[in-house]
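*Asks:* here is a sequence together with a model predicted from it:
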Amino acid sequence: MNATAAEKPWTVPMLAEAKREGRRLVMLTAYDAGFARVLDENGTDLVLVGDSLGMVVQGHASTLPVTVDDIAYHTACVARGLKRALLIADLPFGADATPERALEASLRFLRAGAAMVKLEGAGFKLDIIRHLVEREIPVCAHLGLTPQSVLRLGGFKVQGREAAAAAKLRQDARLVAEAGASLLVLECVPSALAAEITAASAIPTIGIGAGPGCDGQVLVLHDLLGANTGHRRPKFVKDFLAEGSSIAGAVRAFAAAVRDGRFPDAAHSYE
Ligand code: KIV
């Protein structure tokens, strides 16, 4: 059975339980209390204050300008709108450059109401994950297209298509789980690879442009609602407002489509 709005608030151990029981996780981003309330009341399990706010709220070309102050402010706003969903706050660019900085920022986000922090990448970030988890801060890892790597990558591109890149992604997925992450976002990864990583993963995976084989799905709220963000619309984005006919309806339509495996379909996934 899937979680419903009448059920108890999400906790971190419930994520592993959901994976074990094969219940798909529904995640959306939010940046304010009003939308957070709508998400919370309409079947969203996980709410992310993403550094995507730099692009969809602040109007920047990338997530790089977002600060710890920005995420702390929006996390506090979103927390006031939630009763049941688990709140995750993104460590913005540079905030996880050292264990000390990551710990300081994460403590601010937990004080603002988050139950977990998200960070991008593996490599030296494995030590950061261990540093936070050892200090009782739950961590969501993020692999595949990591938008904070946009300068190195030269754009927002699908990751893991070549054999060597796919092998590295498989290895990184295992390493972030071993370092103690409780959740793993896979962004812009070919569907077959994401499904393979999910099947091998000890922790739930949440896909965005990673096909239907993940343990859950996330979309940026503005994309779910078909808002013109001023950015190119990626293939994996679907406007759920068109079929939901209200904001609450769009959230319910997304949640239902994720839970019964209708979203994402091939038209919203990468090969
Ligand atoms: O910042 C964000 O909103 C994210 C999601 C797209 C996963 O990282």
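*Replies:* Everything's here; your move. Residues are numbered from 1 along each chain as shown.
*Asks:* would you mind measuring from the nearest residue to Thr98 once chain neighbours are set aside to Leu48?
*Replies:* Spatial nearest neighbour of Thr98, chain neighbours left out: Ile128 (7.9 Å); criterion: C-beta to C-beta, 6 or more residues apart in numbering. Every C-beta, even on glycine, is put in place using the N, C-alpha and C of the backbone. For Ile128, the distance to Leu48 equals 18 Å [C-beta to C-beta, to the nearest Å].
*Asks:* neighbour count winner among these two?
*Replies:* Leu48 (30 against 26; other C-beta atoms under 10 Å).
*Asks:* hang on, the more buried one packs against Lys118?
*Replies:* Yes: at 6.7 Å, Leu48 and Lys118 qualify as touching, with contact defined as C-beta atoms under 8 Å.
*Asks:* can you give me the helices in the stretch 151-271 of the chain?
*Replies:* 163-179, 191-200, 221-224, 241-244, 247-259 (DSSP state H, counting those that start in this stretch).
*Asks:* including mean pLDDT, mean neighbour count and distance to Ala141, could these go into TSV?
*Replies:* Formatted as TSV, these follow (pLDDT from 0 to 100; neighbours: other C-beta atoms under 10 Å; distance: least, C-beta to C-beta, whole Å):
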stretch	mean pLDDT	mean neighbour count	distance to Ala141
helix 163-179	98	17	4
helix 191-200	98	19	12
helix 221-224	97	24	22
helix 241-244	92	15	30
helix 247-259	98	21	20
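*Asks:* out of those, which comes closest to Arg37?
*Replies:* Smallest distance to Arg37 across the helices of the stretch 151-271 of the chain (C-beta to C-beta): 9.9 Å, for helix 247-259.
*Asks:* from the chain's centroid, how far away is that closest one?
*Replies:* The chain centre lies 17 Å from the centre of helix 247-259; the measure is C-alpha atoms, centre = their mean, to the nearest Å.
*Asks:* quick one: the closest residue to Gly121 other than its chain neighbours from the ligand, how far?
*Replies:* Closest residue in space to Gly121, ignoring its immediate chain neighbours: Thr146 at 5.4 Å, by C-beta to C-beta, 6+ apart. Per C-beta to the nearest ligand atom, to the nearest Å, Thr146 is found 9 Å from the ligand.
*Asks:* quick check: Thr146 touching Gly123?
*Replies:* No: Thr146 lies out of contact with Gly123 (C-beta under 8 Å); the separation is 10.8 Å.
*Asks:* if we can go back for a sec, mind listing residues that contact whatever helix or strand the residue nearest to Thr98 lives in?
*Replies:* According to DSSP states H and E, Ile128 maps onto helix 125-134. With contacts defined as C-beta atoms under 8 Å, 6 or more residues apart in numbering, helix 125-134 is touched by 96, 98-99, 102-103, 106, 117, 119, 139, 141, 175-176, 179-181.
*Asks:* model confidence score at the residue nearest to Ala179 when sequence neighbours are not counted, please.
*Replies:* In space, Ala179 comes closest to Ile129 once its chain neighbours are excluded; the distance is 4.0 Å by C-beta to C-beta, 6+ apart. Looking at Ile129, its pLDDT stands at 99.
*Asks:* any idea how far Ile129 lies from Pro264?
*Replies:* From Ile129 across to Pro264, the span is 27 Å (C-beta to C-beta).
*Asks:* over to Ala257?
*Replies:* Taking C-beta to C-beta, one finds Ala257 at 9 Å from Pro264.
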